[in-house]
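> When you get a sec, could you give me coordinates for this:
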Amino acid sequence: MVMMGLDKLVGNLKSKLRSLKMKKPADDYNKIEKSESMRVEIRSKKARKLIEKTLKVADSPKTKTFAL
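Model (predicted):
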């Protein structure tokens, strides 16, 4: 008798988990529109990453530089 109750409980839990997995995460929130300051921050982060990458390549010993 107890096993039947556990089987039913486990079945209910499995079905609830499946239904949660089916939900799309995009339905849970609305996309935020970016303000001008957010756009500036994103651009400056991208610029910093690019500068950092460029300096790393320039400072590497494998890079050959030629004086013009």
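> Quickly find the element holding K31.
For K31, there is no host helix or strand (DSSP states H and E).
> my bad, E41
Going by DSSP H and E, E41 is part of helix 36-59.
> and that helix, how far from the chain's centre?
Put simply, helix 36-59 sits 19 Å off its chain's centre (Cα atoms, centre = their mean, to the nearest Å).
> ok, and the helix or strand in this protein with the lowest average confidence?
Ranked by mean pLDDT, DSSP states H and E, the helix or strand of the chain with the weakest confidence is helix 2-22, at a mean of 81.
> same for that helix, what does it pack against?
Using 3 or more Cβ pairs under 8 Å, 6 or more residues apart in numbering; DSSP states H and E, no helix or strand is in contact with helix 2-22. No exception for glycine: its C-beta is placed from N, CA and C like everyone else's.
> Compute the mean per-residue pLDDT across the helix holding E41, please.
Here helix 36-59 scores 92 as its mean pLDDT.
> For the least confident helix or strand of the chain, what is the distance to the chain centroid?
On Cα atoms, centre = their mean, the centre of helix 2-22 falls 30 Å from the chain's centre.
> Tabulate the CA atom coordinates of that helix in PDB.
Provided in PDB are the C-alpha atoms of helix 2-22 (Å, rounded to 0.1, in the frame of the first residue of the first chain):
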ATOM      1  CA  VAL A   2       2.800   2.400   0.900                       C
ATOM      2  CA  MET A   3       4.700   1.500  -2.400                       C
ATOM      3  CA  MET A   4       1.600   2.500  -4.400                       C
ATOM      4  CA  GLY A   5       1.600   5.900  -2.700                       C
ATOM      5  CA  LEU A   6       5.300   6.400  -3.400                       C
ATOM      6  CA  ASP A   7       4.900   5.400  -7.100                       C
ATOM      7  CA  LYS A   8       2.100   7.900  -7.500                       C
ATOM      8  CA  LEU A   9       4.100  10.600  -5.800                       C
ATOM      9  CA  VAL A  10       7.200   9.900  -7.900                       C
ATOM     10  CA  GLY A  11       5.000   9.900 -11.100                       C
ATOM     11  CA  ASN A  12       3.600  13.300 -10.100                       C
ATOM     12  CA  LEU A  13       7.000  14.800  -9.400                       C
ATOM     13  CA  LYS A  14       8.300  13.500 -12.800                       C
ATOM     14  CA  SER A  15       5.400  15.000 -14.700                       C
ATOM     15  CA  LYS A  16       5.900  18.400 -12.900                       C
ATOM     16  CA  LEU A  17       9.600  18.400 -13.700                       C
ATOM     17  CA  ARG A  18       8.900  17.600 -17.300                       C
ATOM     18  CA  SER A  19       6.500  20.500 -17.500                       C
ATOM     19  CA  LEU A  20       9.000  22.800 -16.000                       C
ATOM     20  CA  LYS A  21      11.700  21.800 -18.500                       C
ATOM     21  CA  MET A  22       9.300  22.500 -21.400                       C
END
